[in-house]
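**Q** My questions concern the predicted model and sequence given below.
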Amino acid sequence: MKRIFLYNSFSNIMLELVVWMIYLKEQGWSLAEVAMLEGIFTISQVIFEFPSGVISDKLGHKKTLLLGEIFCILYLLTYFFPHTHIIVYLGFIMFALGLAFISGTDISLLYESISEEEKKSYLKYSGYFNAIAAFSVAIGNILGGWIAQISWNLLFILAILFRTTALIIGFKIKEPDIKKQVDTLSLKSIITDLSNFIKHQKYICLITGLGFSTAAVDLSYQYGPLIMQKFSFDTGMISTVFGSLSLLGAVAGLLTYKLTQKVSENILLIILLLFGLTLLLSLFIHNMLIVLFSLITVNVIFEMWNIIFENKIQEVAYADIRATVISTGNVFISGLLALSSGLISLVGEKISLVWIIGSIGSIFLIIALISTLFYISKQK
């Protein structure tokens, strides 16, 4: 398990995560072109997520994880050709494929590395796992903006080195640390199990709640740097803000398990979603300090409700399709982000970006809240 945590830490130091939109804007890309690129990325995620989950359950989680890292390294190389748009497009398609291989696979791998006696404490280990990821993202975010002010090329070279380190650590994850995949699994059996899961485990309610709430916050995170740039924040300050956000998210992730020992998971989940909705609605005030506070806080508390949602899904997912179940959920999230990016590319030059993110995010969280309430009512 220690190797999985170490791998997770290096894999999530993504120096380019906050500043890539700013980089492309400096290279002459318009907001519409950036939004179109984001749309291509999310559409690619839609296409790749389900097959990648099936491949992960069939091929094995370790091998799939390594494939994901290789594609992410190839994606980073394309930043050295910003004026050749087709290369950047291909790079983001490879990034979508790489993340599709990694997402779901990493937390499935974590779940399977926990002994049967400690499975009930998965929420605690998931909190550690997410906290490590958030802390690593914080390091990447803080460093990324300041390194960019020195040299964009240096930033991308260092990003490649971190990904390569994660790949090397991934190779060192020993098979005995992971439960063996069932060799007799077939595509038909995986799809059949997934179909049965969706029918009988209230998965639709869970994935709707997780999907819409995740898409709402992801949009605020993706376009947050551009919003802050419009308020005259420089690249270094933007990266520092988002780095601090991730640090707070790491703390929030660690606190989640302790809070669920005092308040039920369902009640805590509803409170967090309501608070998140209030924060996104406050964006309409269009005050710099309120916008900044809302963007930071909603991303921090997301770390808490995301852990709870993931825990609920892991508890009910069938063991032989664990990665497939999560990937199916990610398909839904990617679809929502693709539609949102398409809308932003159409109206982003005419309507305030703050208003667009506030509107879409609020609608998404309302749907997530209704779906979650419906799921909780079905549990009684």
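**A** Looks like it arrived, so ask away.

**Q** roughly how far out does stretch 365-374 sit from the chain middle?
**A** 20 Å (CA atoms, centre = their mean, to the nearest Å).

**Q** Contacts for that stretch next, please.
**A** 205, 208-213, 216, 269-270, 273-274, 276-277, 280 (CB atoms under 8 Å, 6 or more residues apart in numbering). Glycine gets a C-beta too; all of them are placed from N, C-alpha and C.

**Q** same thing but 10 Å
**A** Residues from elsewhere that reach stretch 365-374 (CB atoms under 10 Å, 6 or more residues apart in numbering): 202, 204-217, 266, 269-270, 272-281, 298, 305, 308-309, 312, 336.

**Q** Among these, name the buried ones.
**A** 202, 205-217, 266, 269-270, 272-273, 276-277, 279-281, 298, 305, 308-309, 312, 336 (16 or more other CB atoms under 10 Å).

**Q** Could you list which of the contacts of stretch 365-374 belong to helices?
**A** 204-217, 266, 269-270, 272-281, 298, 305, 308-309, 312, 336 (DSSP state H).

**Q** so where is the stretch 51-200 of the chain shaky, pLDDT-wise?
**A** 111, 114-123, 175-191, 193-194, 196-200 (pLDDT under 70).

**Q** Just give the closest residue to Leu353, not the sequence neighbours.
**A** Of all residues not flanking Leu353 in the chain, Ile227 sits nearest, at 5.6 Å (CB to CB, 6 or more residues apart in numbering).

**Q** Near Gln261, how many other residues are there?
**A** When neighbours are defined as other CB atoms under 10 Å, Gln261 has 9 of them.

**Q** What angle do helix 265-281 and the helix or strand hosting the residue nearest to Leu353 make with each other?
**A** Taking DSSP states H and E as the criterion, Ile227 maps to helix 203-230. Orientation check (axes from the mean of the first three to the mean of the last three CA atoms, to 10 degrees): helix 203-230 against helix 265-281 gives 30 degrees.

**Q** tell me the average confidence for helix 203-230?
**A** On average, the pLDDT along helix 203-230 is 85.

**Q** And it, how far out from the chain middle?
**A** For helix 203-230, the distance to the chain centre is 9 Å (CA atoms, centre = their mean).

**Q** for stretch 71-87, same thing?
**A** 21 Å.

**Q** That stretch: which residues count as buried?
**A** Of the residues in stretch 71-87, those buried (16+ other CB under 10 Å) are 71-76, 78-79, 82.

**Q** Same list, those, but as TSV with secondary structure and distance to Gln261 please.
**A** TSV is the format used below for these (DSSP: H, G, I helix; E, B strand; the rest coil; distance: CB to CB, whole Å):
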residue	secondary structure	distance to Gln261
Phe71	helix	39
Cys72	helix	36
Ile73	helix	40
Leu74	helix	43
Tyr75	helix	40
Leu76	helix	41
Thr78	helix	46
Tyr79	helix	44
Pro82	coil	49
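
**Q** can you list those in CSV and add distance to Leu248?
**A** Shown next, in CSV, are the buried residues of stretch 71-87 (distance: CB to CB, whole Å):
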residue, distance to Leu248
Phe71, 30
Cys72, 25
Ile73, 29
Leu74, 32
Tyr75, 28
Leu76, 27
Thr78, 32
Tyr79, 28
Pro82, 32
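
**Q** Quick check: which ranges of the stretch 201-350 of the chain have low pLDDT?
**A** 201-202, 314-325, 348.

**Q** what's next to stretch 67-74, contact-wise?
**A** 7, 10-11, 14, 48, 52, 55-56, 59, 90-91, 93-103, 105-106, 159-171.

**Q** same thing but at 7 Å, please
**A** Stretch 67-74 is contacted from outside by 11, 94-95, 97-99, 101-102, 160, 163-164, 166-167, 170, using CB atoms under 7 Å, 6 or more residues apart in numbering.

**Q** By neighbours, which of the residues you listed wins?
**A** Counting neighbours by other CB under 10 Å, the top entry in those is Phe101, with 31 neighbours.
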